[in-house]
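In: model this:
(one chain, ligands or ions: 1)
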Amino acid sequence: MIMMRMAALLSAALLLLLPGALTQTSELVPIDVLVENSLLGTAPVTFSTRVAYRGILLGALKRLMDSNANFKFTYTEDPNYGPYLESVNGVAGNDKDHTYWELLVKTPDGKIIRPDVGIGCYIPSANEQIILKFTKW
Ligand code: B12
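Out: The predicted structure follows:
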């Protein structure tokens, strides 16, 4: 009898917890994407998009490209490190000129970090500003 009551209590508790767990995983969190060309010195442009809870930056960039005609990007697939950001809005990096799109992140407290992974592995947090900076190595 006691066992049956405990089982009933346990299932009631599980039912209460389940909706929270489900909404958390389907949540989309807001981030900004700033596109900056440090070589041409053109004015930076900011776009707003959303990323899945614990989702990768590549997904957020695709969502942005699908919803905004002013943002386009291409990437190549590296056999070891995954997606490499090749071009943004028609501007591509190249080995001859030593140019590339650098990935930087401004956190909500204002700190700028340089992630040690690319767009396929970086997991943005809510309200971060992703900086795509065209620069030289
Ligand atoms: C040189 C170098 C670069 C150069 C490449 C220039 C060139 N075309 O030669 C530049 C400056 C462009 C670069 C950029 C970045 N890099 Co880099 N890079 C290296 C480094 C020091 C050597 C690579 C190399 O020459 N290997 C020898 C050649 C013969 O092998 P390869 O396979 O042909 O090398 C190619 C790939 O490594 C590729 N590549 C280089 N970096 C990256 C990063 C990503 C995410 C991808 C997909 C491919 C890639 O470019 C090389 C030349 O084509 C490695 C560290 C190491 N010691 O291996 C880091 C390394 C590969 N880079 C790394 C990172 C994180 C980046 C950036 C994301 C940094 C940033 N925050 O902006 C960016 C890429 C942004 C983008 N546009 O997607 C990480 C990748 C880790 C990971 N698991 O994702 C490494 C391992 C360094 C680290 N932090 O530990 N990088």
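In: and the pLDDT for residue 41?
Out: Here the pLDDT value assigned to residue 41 is 85.
In: can you check the one 5 residues further on too?
Out: The model reports residue 46 with a pLDDT of 98.
In: where does it fall, helix, sheet strand or coil?
Out: Look at residue 46: counting by DSSP: H, G, I helix; E, B strand; the rest coil, its state is strand.
In: contacts only, for the residue nearest the centre of the chain.
Out: When Cα atoms, centre = their mean is applied to the chain, the residue found nearest the centroid is residue 57 (2.3 Å). By Cβ atoms under 8 Å, 6 or more residues apart in numbering, the contact list for residue 57 reads 51, 103, 119, 120, 122, 123, 124, 130. The C-beta positions use only the backbone N, C-alpha and C, and glycine is treated the same way.
In: mind running it again at 6 Å?
Out: 119, 122, 124 (Cβ atoms under 6 Å, 6 or more residues apart in numbering).
In: of the residues you listed, list those near the ligand.
Out: Among the contacts of residue 57, the residues within reach of the ligand (Cβ under 6 Å from any ligand atom) are residue 119.
In: among the contacts of residue 57, who's most crowded?
Out: residue 124 (26 neighbours; other Cβ atoms under 10 Å).
In: and the pLDDT at that residue?
Out: pLDDT at residue 124 comes out at 98.
In: hmm, back to that, for the residue nearest to the centre of the chain, phi and psi?
Out: phi -60, psi -40 (degrees, to the nearest 10).
In: I'd like the distance between it and the ligand.
Out: 10 Å (Cβ to the nearest ligand atom, to the nearest Å).
In: ok, residue 84 touching residue 73?
Out: No: here residue 84 does not reach residue 73: they are 11.2 Å apart, not a contact under Cβ atoms under 6 Å.
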